[in-house]
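Participant: Quick one: sequence plus predicted model below, questions after.
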Amino acid sequence: MSSAWCRWDVAHASEDTVKQATKVATKPLLLSHTALLGSRAMGPTPLKGRQISRDHARAIVETGGSIGIWHFFPSLDKYVEGLKEMVNVVGIDHVSIGTDQHVTPGSVQDYRQWVHLVAAMLRGGFTPEEAGMIAGGNYMRIFRAAVG
């Protein structure tokens, strides 16, 4: 099953490659870890080259996919702002928690801390249903579409 999942993750693809992939995709694409280019919530970052433009994000959405917002924000509240930035671009159905948390620590040191992130999302104005979609529901929708 994991090979089917990875087949649809375009996290390391260029914007042009993603746009080409959307032309042939028969399943929702996933971009598992990134942030919005110029994210005010993230602020200055050496990871700017890994951030994506609004058009890049919208290309993922054309397939019904989702964009995972990674954890490289200075605080959980800023992470929630980063999630909101992407929601404002692509909608709640297309935003997820980013993966690759084993890399350079950020505001969520490991997956055991997701409960704190969910609490921050609720404090930050997301409804319980929206927080559930971002924290795993959107990934599950894509996973089911990818593997059946």
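Facilitator: Right, received. Where do you want to start?

Participant: For the chain, which segments count as helices?
Facilitator: 2-7, 15-24, 54-61, 76-90, 114-123, 128-132, 138-147 (DSSP state H).

Participant: where does this protein dip in pLDDT?
Facilitator: 1-7, 100-105, 109-110 (pLDDT under 70).

Participant: show me the contacts for residue 13.
Facilitator: Residues near residue 13 by Cβ atoms under 8 Å, 6 or more residues apart in numbering: residue 21. C-betas here are computed from N, CA, C, even on glycine.

Participant: Distance-wise, check it relative to residue 133.
Facilitator: Applying Cβ to Cβ, to the nearest Å, the value for residue 13 to residue 133 is 24 Å.

Participant: Is it possible to get a markdown table of the helices of the chain that adds distance to residue 48?
Facilitator: Shown next, in a markdown table, are those (distance: least, Cβ to Cβ, whole Å):
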| stretch | distance to residue 48 |
| --- | --- |
| helix 2-7 | 25 |
| helix 15-24 | 14 |
| helix 54-61 | 13 |
| helix 76-90 | 14 |
| helix 114-123 | 23 |
| helix 128-132 | 28 |
| helix 138-147 | 25 |
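
Participant: Same list, those helices, but as a markdown table with distance to residue 41 and mean neighbour count please.
Facilitator: Shown next, in a markdown table, are those (distance: least, Cβ to Cβ, whole Å; neighbours: other Cβ atoms under 10 Å):
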| stretch | distance to residue 41 | mean neighbour count |
| --- | --- | --- |
| helix 2-7 | 28 | 11 |
| helix 15-24 | 21 | 14 |
| helix 54-61 | 15 | 20 |
| helix 76-90 | 4 | 21 |
| helix 114-123 | 12 | 16 |
| helix 128-132 | 17 | 15 |
| helix 138-147 | 19 | 17 |
